[in-house]
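Undergrad: Please work out how this folds:
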Amino acid sequence: MTTCDVPLEGACFCGAITFAAAPPILLKAYCHCSNCQRLSGCPFIHTVHFPKSTFKWTHGKSGEDPLTTLDGYSLPNKPHKTRYRCKTCAVCVASYNAEKEKWSIWGALFPRGEDNRLRKDVWEVIKPDAHIFYDTRMVDINDDLEKWDGYKDISTRLG
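TA: Below you'll find the predicted structure:
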């Protein structure tokens, strides 16, 4: 787990959906699972996992349900997992796993600097340290990160 003093806040592309998360960070990895591939249209995503108790939506007016500005989609094969997208720009912002009571946030949604890159202080905190579900990858990644056939440290390490 990772702890930090950097505020971990972010937003969807249009800024209508905002969130804040706090350590501990349970997982920070590139996910190659077939669900992420099919739901994002990309070979893999950068996912950062937080406990339910440290994540909150920060958009909307006080007392308003923040989920009214989001579209939720529960996976038919995993109904305990719900993906949330902004109703305005359609960006997938987060996924909630009700069985494990944790939120998964996409790394690209954290704050960017004036150069349009993720801020260095944030990147140092959320930088992936593994590839997960690598056995279902679409492309080979030649880097020094550990590769796992499932979740890091609870599945088989590949290579």
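
Undergrad: what about the spatially most central residue of the chain, which helix or strand?
TA: Geometric centre of the chain, nearest residue: residue 105, 2.4 Å, by C-alpha atoms, centre = their mean. Here residue 105, judged by DSSP states H and E, is contained in strand 102-106.

Undergrad: ranges for the strands of this structure?
TA: 8-11, 18-21, 27-31, 45-51, 55-57, 70-75, 78-86, 92-97, 102-106, 130-132, 146-148, 157-158 (DSSP state E).

Undergrad: Tell me which of those lies nearest to residue 114.
TA: strand 8-11 (16.3 Å; C-beta to C-beta). All C-beta atoms are positioned from the backbone trio N, CA, C, and that covers glycine.

Undergrad: mind listing what's buried in the closest one?
TA: 8, 10-11 (16 or more other C-beta atoms under 10 Å).

Undergrad: now do stretch 36-51
TA: 36-37, 39, 44-51.

Undergrad: do the same with stretch 151-159
TA: By neighbour count on 16+ other C-beta under 10 Å, the buried set for stretch 151-159 is 151-152.

Undergrad: Just the CA trace of that stretch, in PDB.
TA: The C-alpha coordinates for stretch 151-159 follow below in PDB (Å, rounded to 0.1, in the frame of the first residue of the first chain):
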ATOM      1  CA  TYR A 151      -4.200  -9.200  -9.300                       C
ATOM      2  CA  LYS A 152      -0.700  -8.400  -8.000                       C
ATOM      3  CA  ASP A 153       0.500 -10.600  -5.100                       C
ATOM      4  CA  ILE A 154      -2.600 -12.800  -5.100                       C
ATOM      5  CA  SER A 155      -2.200 -14.500  -8.400                       C
ATOM      6  CA  THR A 156       0.700 -16.100 -10.400                       C
ATOM      7  CA  ARG A 157       3.600 -13.900 -11.400                       C
ATOM      8  CA  LEU A 158       4.500 -14.400 -15.000                       C
ATOM      9  CA  GLY A 159       8.000 -14.500 -16.400                       C
END
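
Undergrad: In this structure, where is pLDDT below threshold?
TA: Under the criterion pLDDT under 70, the flagged ranges of the chain are 1-6, 61-64.

Undergrad: Kindly recompute the last result at 90.
TA: Flagging of the chain using pLDDT under 90 yields the residue ranges 1-7, 39, 59-70, 75, 77, 159.

Undergrad: Just flag the most distant two among the buried residues of stretch 36-51.
TA: Maximum distance among those (C-beta to C-beta): 25.7 Å, for 37 and 51.
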